[in-house]
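>>> Got a predicted model here, sequence first, then my questions.
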Amino acid sequence: MRRASEGTLSISTHHAPATSRTRVQQAALAVGAVFLLVGILGFIPGITTDYDTLKFAEHHSEAKLLGIFQVSILHNIVHLLFGIAGVAMAGAASTARTYLIGGGIIYLVLWIYGLIIDHDSAANFVPVNSADNWLHFVLGVGMIALGVLLTRRTTPAAH
């Protein structure tokens, strides 16, 4: 190959770095990955205790993820869907923000729902228990905080 000084263009093999993810995209991807993991773990006997009582969608499902959080097939599917949404929406900062804030609102609504229903009634079709309720609260607040704080704009101080 001839040198550029001899009148030919040199071809660079150096590639520009791929655009890196923003912090909000990284957070949405991480949250989505955790939801996927939790959804999968909910179907694994041993990690989910009383697995033989796992029901599709009713309060009689006594299966508990990590022996703490009441789950059902529907509950696990919801986790998987939230995980898929998080991974898919992490592709752009605006959709990552929407996922975190919107998902956080959904989890706060689920927290309130879990507080007001009778856990031994048909209304508890997800199902949830007290541990789920407080986890939903933490998830809701945490997801909203990530969506807001990781996308807020800072302005330089005026001099």
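Now that the structure is in, tell me what you want to look at.
>>> which non-adjacent residue is nearest residue 129?
Using Cβ to Cβ, 6 or more residues apart in numbering and skipping residues adjacent in sequence, the residue nearest residue 129 is residue 70, 4.2 Å away. Backbone N, C-alpha and C define where each C-beta goes, glycine included.
>>> OK, contacts around that neighbour?
61-64, 127-129, 131-132 (Cβ atoms under 8 Å, 6 or more residues apart in numbering).
>>> likewise residue 42?
Neighbouring residues of residue 42 by Cβ under 8 Å, 6+ apart: 48, 63, 65, 71, 75-76, 79.
>>> 6 Å - rerun?
By Cβ atoms under 6 Å, 6 or more residues apart in numbering, the residues touching residue 42 are 48, 65, 71, 76.
>>> if I look at it, how far off is residue 21?
Separation of residue 42 from residue 21 (Cβ to Cβ, to the nearest Å): 28 Å.
>>> What ranges does this structure have for its helices?
Secondary structure of the chain (DSSP state H): helices at 23-41, 73-89, 93-116, 130-149.
>>> Out of those, flag the one nearest residue 123.
helix 93-116 (8.5 Å; Cβ to Cβ).
>>> Show me what the closest one is packed up against.
helix 23-41, helix 73-89, helix 130-149 (3 or more Cβ pairs under 6 Å, 6 or more residues apart in numbering; DSSP states H and E).
>>> Residue 80 is in contact with residue 35, correct?
No - judged on Cβ atoms under 6 Å, residue 35 makes no contact with residue 80 at a distance of 7.3 Å.
>>> Between these two, which has more neighbouring residues?
residue 35 (22 against 17; other Cβ atoms under 10 Å).
>>> residues contacting residue 152?
Contacts of residue 152 (Cβ under 6 Å, 6+ apart): none.
>>> how about a cut-off of 10 Å?
Neighbour list for residue 152: residue 24 [criterion: Cβ atoms under 10 Å, 6 or more residues apart in numbering].
>>> before we move on, back to that, let me have the contacts of residue 42 in a markdown table, extended by neighbour count, pLDDT and distance to residue 113.
Putting the contacts of residue 42 into a markdown table (neighbours: other Cβ atoms under 10 Å; pLDDT from 0 to 100; distance: Cβ to Cβ, whole Å) gives the following:
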| residue | neighbour count | pLDDT | distance to residue 113 |
| --- | --- | --- | --- |
| 48 | 20 | 97 | 22 |
| 65 | 22 | 96 | 19 |
| 71 | 32 | 94 | 16 |
| 76 | 21 | 96 | 18 |
